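Chemist: Attaching a predicted model along with its sequence, questions to come.
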Amino acid sequence: MPTGCGTDLLQSVSAQYAYSLFATRLKPKVYTNKARHDRSRSATLQNSLVASSAASVATKMTLEHAVGESVLVPGLRMTDHTFQVPLDHSNQQGATIRLFVRDVSALSKIGHKLPTLLFLQGGPGFEAPRPVESSSWIKFATAHFKVLLMDQRGTGRSSPITTANLVARGSAKQQASYLQHFRADSIVADAELVRQTLLISADAQNSRWSLLGQSFGGFCAVQYLSVQPQALTEVMLTGGLPPRIDSHCAAEDAYRHLYPRVIAQNHTFYKRFPSDVARVQRIIMYLSEQPGGGLQLANGDHLTPRAFQLLGLGLGGGGGMERLHWLLERAFDEDIGQLSPTFTSGWQASMPWDTNPLYAIMHESIYCSLGASNWAADRVRQEHFADDFDAVAAANAGKPVLMTGEMVFPWMFEDFASLRKLRETAEVVAAKSDWGAMYDSTALGKNQVPVASATYFEDLYVDFELAQETANKILGVRQWVTNEYMHSGIRDDGARILERLLGIVRGSIPLI
């Protein structure tokens, strides 16, 4: 959820090819929405939000901070910062974890006094970008800002969570208790401590900063707006309006809306690459005929038909269809009639669970406030779309096999070797219902911070209709609604997108 995360997190599994936009394009428009917020939110929700507003709790804490090395890449200077932050922001005297932030400046702007932009990465469970040069949105951003790239807690160099170190924390309940501190509210509280340390201590009169939130990073930005708007100059979102922010858990609603989008995207894929219908059918039949119903790979993964369908995760981003097609065309070693190493390696490279287990365990929790997700994607699939996604039945019937989207399923903790030890932990997390409230519609309905959102009409990971519900709850938000881009727009054409969003929040693109 993204959220997250989606294709902005996936690495290419074959050679890069030029991507040509083929869909009918809508003329980009900017919309202004008056907030229509519900002022009758329950006392339980409000009290929970206050209790979980770690950003507010953390306002007086002195943070341990170390400045590390600075490195140069073409056009940029980057300096490392490491902080010790509370594991639980409501208990500042308790355990701490490491938080890593990279300060990125254009070489041409060193010595200039620029405002600060914090980039919030998609996910959950993925680290911030590692720039190799000044290009795309980083190039545009560093012309106007000092940019901070924060590895969200549990990722990159911020006390990263691995299968091994999570298992070492004890029982499944103990692991789940630790993981409850790795959601958007804790990420925002970390960010607020960084702001206080780097900005307020340096210049208390100019201590606000701007946010750019991609996908799940947008969810974090909206949470920031809920609890600490006075810290923000402006907020820019790319595919990052969270769904049903007043519900106890929006996961089920999100998947009810997203599955039809995934089905439609599959049909678009096969329309573009009709020869892949037969290729995928052949793969599914081959896998289903293996002992145990799947191919046992060298790393212990069990490549089953259902695990193959996870390749649909890439269909929601720019170039995703092309990369999948190039992977499928070399699926078999025709001399021996077996799946090729090219294909199995490419499939494994698209499955980030060994390096980023936090995404698999915590993905559905990003939708939850006061309710449990209870494996919402799996439940919705079985209750409403079981026939649509029955891969073996489709292959046997000569029908196109549909692949899934950005969904996590309980059986993944059986099919993937790196997740098997975390199966019980994942069950505890899925059943957890006492998450803290994440958003405050009343506060958002009174918002005074300029907010602009690049809202993707054909987004496969953040449903457009549900995004509109949330936009209508944030006072003054202006949207650029477009189908020129998929969810990965910030990766595919980031400079143009950021330039437009900055123009919207600063008023150079007027209301129309």
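Modeler: Structure's in. What do you need?

Chemist: Looks like Val392 contacts Gln281 (just checking).
Modeler: No: counting by CB atoms under 8 Å, Val392 does not reach Gln281; the two are 9.9 Å apart. Yep, even glycine has a C-beta here, placed from its N, CA and C like the rest.

Chemist: got the buried residues for stretch 332-349?
Modeler: 332, 339, 342-344, 346-348 (16 or more other CB atoms under 10 Å).

Chemist: Can you tell me which of the residues you listed end up in helices?
Modeler: Residues of these located in helices (DSSP state H): 342-344, 346-348.

Chemist: Ala176: which of those residues is nearest?
Modeler: Gln348 (27.2 Å; CB to CB).

Chemist: ok, so of the ones in helices among the buried residues of stretch 332-349, who is nearest Pro74?
Modeler: Gly346 (29.7 Å).

Chemist: what about the closest residue to Arg183 other than its chain neighbours, neighbour count?
Modeler: Nearest residue to Arg183 in three dimensions, chain neighbours excluded: Ser365, at 6.2 Å (CB to CB, 6 or more residues apart in numbering). Using other CB atoms under 10 Å, the number of residues around Ser365 comes to 22.

Chemist: So Ser365, which state does it fall into?
Modeler: Each residue gets one of three states, and Ser365 gets helix by DSSP: H, G, I helix; E, B strand; the rest coil.

Chemist: who's in contact with the nearest residue to Phe413 once chain neighbours are set aside?
Modeler: Once flanking residues are discounted, Phe413 sits nearest to Arg423: 3.8 Å by CB to CB, 6+ apart. Going by CB atoms under 8 Å, 6 or more residues apart in numbering, Arg423 touches 410, 413-414.

Chemist: CA atoms of the longest helix seen in the chain as CSV?
Modeler: For the chain, the helix with the greatest residue count under DSSP H is helix 251-272. Extracted in CSV, the C-alpha atoms of helix 251-272 (Å, rounded to 0.1, in the frame of the first residue of the first chain):
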residue,chain,number,x,y,z
ALA,A,251,-8.8,-3.3,4.6
GLU,A,252,-11.9,-5.2,3.5
ASP,A,253,-13.4,-2.2,1.8
ALA,A,254,-10.1,-1.5,0.1
TYR,A,255,-9.9,-5.0,-1.4
ARG,A,256,-13.5,-5.0,-2.4
HIS,A,257,-12.7,-2.0,-4.6
LEU,A,258,-9.3,-3.2,-5.7
TYR,A,259,-10.0,-6.7,-6.9
PRO,A,260,-12.2,-5.5,-9.9
ARG,A,261,-9.4,-3.1,-10.8
VAL,A,262,-6.9,-6.0,-10.8
ILE,A,263,-9.2,-8.1,-13.0
ALA,A,264,-9.5,-5.3,-15.5
GLN,A,265,-5.7,-4.8,-15.5
ASN,A,266,-5.2,-8.5,-16.2
HIS,A,267,-7.5,-8.2,-19.2
THR,A,268,-5.6,-5.2,-20.4
PHE,A,269,-2.3,-7.1,-20.1
TYR,A,270,-3.6,-10.0,-22.1
LYS,A,271,-5.1,-7.7,-24.7
ARG,A,272,-1.6,-6.2,-25.2
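
Chemist: Average pLDDT for the helix or strand just after it, rounded please.
Modeler: Downstream of helix 251-272, the next assigned helix or strand under DSSP states H and E is helix 275-288. Helix 275-288 comes out with an average pLDDT of 98.

Chemist: and the helix or strand following helix 275-288, what's its mean pLDDT?
Modeler: Note on helix 275-288: by DSSP H and E, the next helix or strand toward the C-terminus is strand 295-296. Confidence for strand 295-296, expressed as mean pLDDT, is 98.

Chemist: Off-centre distance for strand 295-296?
Modeler: Chain-centre distance of strand 295-296: 30 Å, with CA atoms, centre = their mean, to the nearest Å.

Chemist: Then stretch 305-324?
Modeler: Counting by CA atoms, centre = their mean, stretch 305-324 comes out at 16 Å from the chain centroid.

Chemist: That stretch: end-to-end distance?
Modeler: End-to-end distance for stretch 305-324, by CA to CA, to the nearest Å: 16 Å.

Chemist: Report the next helix or strand after whatever helix or strand Phe413 lives in in sequence order.
Modeler: Secondary-structure assignment from DSSP H and E places Phe413 in helix 412-415. Per DSSP H and E, helix 412-415 leads on to helix 423-431 as the next helix or strand towards the C-terminus.

Chemist: Just after that next one, pick out the following helix or strand.
Modeler: helix 441-445.

Chemist: which of the residues in that next one are buried?
Modeler: Neighbour count says helix 441-445 has 441-445 buried, by 16+ other CB under 10 Å.

Chemist: With stretch 393-408 instead?
Modeler: Neighbour-count burial for stretch 393-408 flags 394-395, 400-408 (criterion: 16+ other CB under 10 Å).

Chemist: average model confidence for it?
Modeler: So the average pLDDT for stretch 393-408 ends up being 98.

Chemist: Output it as PDB, restricted to C-alpha atoms.
Modeler: Presented in PDB, the C-alpha positions along stretch 393-408 are these (Å, rounded to 0.1, in the frame of the first residue of the first chain):
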ATOM      1  CA  ALA A 393      -9.400 -24.200 -13.200                       C
ATOM      2  CA  ALA A 394      -8.900 -21.300 -15.700                       C
ATOM      3  CA  ALA A 395      -5.900 -23.000 -17.300                       C
ATOM      4  CA  ASN A 396      -7.800 -26.300 -17.600                       C
ATOM      5  CA  ALA A 397     -10.700 -24.400 -19.200                       C
ATOM      6  CA  GLY A 398      -8.500 -22.600 -21.700                       C
ATOM      7  CA  LYS A 399      -9.300 -19.200 -20.100                       C
ATOM      8  CA  PRO A 400      -6.800 -16.500 -19.200                       C
ATOM      9  CA  VAL A 401      -5.300 -17.000 -15.800                       C
ATOM     10  CA  LEU A 402      -5.700 -13.900 -13.600                       C
ATOM     11  CA  MET A 403      -2.900 -12.700 -11.400                       C
ATOM     12  CA  THR A 404      -3.400 -10.900  -8.100                       C
ATOM     13  CA  GLY A 405      -2.300  -7.400  -7.100                       C
ATOM     14  CA  GLU A 406      -1.000  -5.800  -4.000                       C
ATOM     15  CA  MET A 407      -2.400  -8.400  -1.600                       C
ATOM     16  CA  VAL A 408      -0.900 -10.500   1.100                       C
END
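
Chemist: ok now that stretch, how far from the chain's centre?
Modeler: That offset, for stretch 393-408, works out to 24 Å (CA atoms, centre = their mean).

Chemist: same question, stretch 406-418
Modeler: Mean-position distance between stretch 406-418 and its chain equals 18 Å (CA atoms, centre = their mean).

Chemist: Stretch 350-369 too?
Modeler: Worked out by CA atoms, centre = their mean, stretch 350-369 lies 9 Å from the chain centre.

Chemist: CA atoms only for that stretch, dumped as CSV, please.
Modeler: Output in CSV follows, covering the C-alpha atoms of stretch 350-369 (Å, rounded to 0.1, in the frame of the first residue of the first chain):
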residue,chain,number,x,y,z
SER,A,350,10.0,-10.0,-7.7
MET,A,351,9.2,-11.4,-4.3
PRO,A,352,10.9,-9.2,-1.7
TRP,A,353,9.8,-11.2,1.4
ASP,A,354,13.3,-12.4,2.4
THR,A,355,14.7,-8.9,2.5
ASN,A,356,11.5,-7.0,3.5
PRO,A,357,9.4,-9.3,5.7
LEU,A,358,7.9,-6.3,7.5
TYR,A,359,5.8,-5.6,4.3
ALA,A,360,4.3,-9.1,4.4
ILE,A,361,3.5,-9.1,8.1
MET,A,362,2.3,-5.5,8.5
HIS,A,363,0.7,-4.7,5.1
GLU,A,364,-2.9,-5.0,6.1
SER,A,365,-2.4,-3.3,9.4
ILE,A,366,-1.8,0.0,7.6
TYR,A,367,-5.6,0.1,7.0
CYS,A,368,-6.5,-0.5,10.7
SER,A,369,-7.3,1.8,13.6
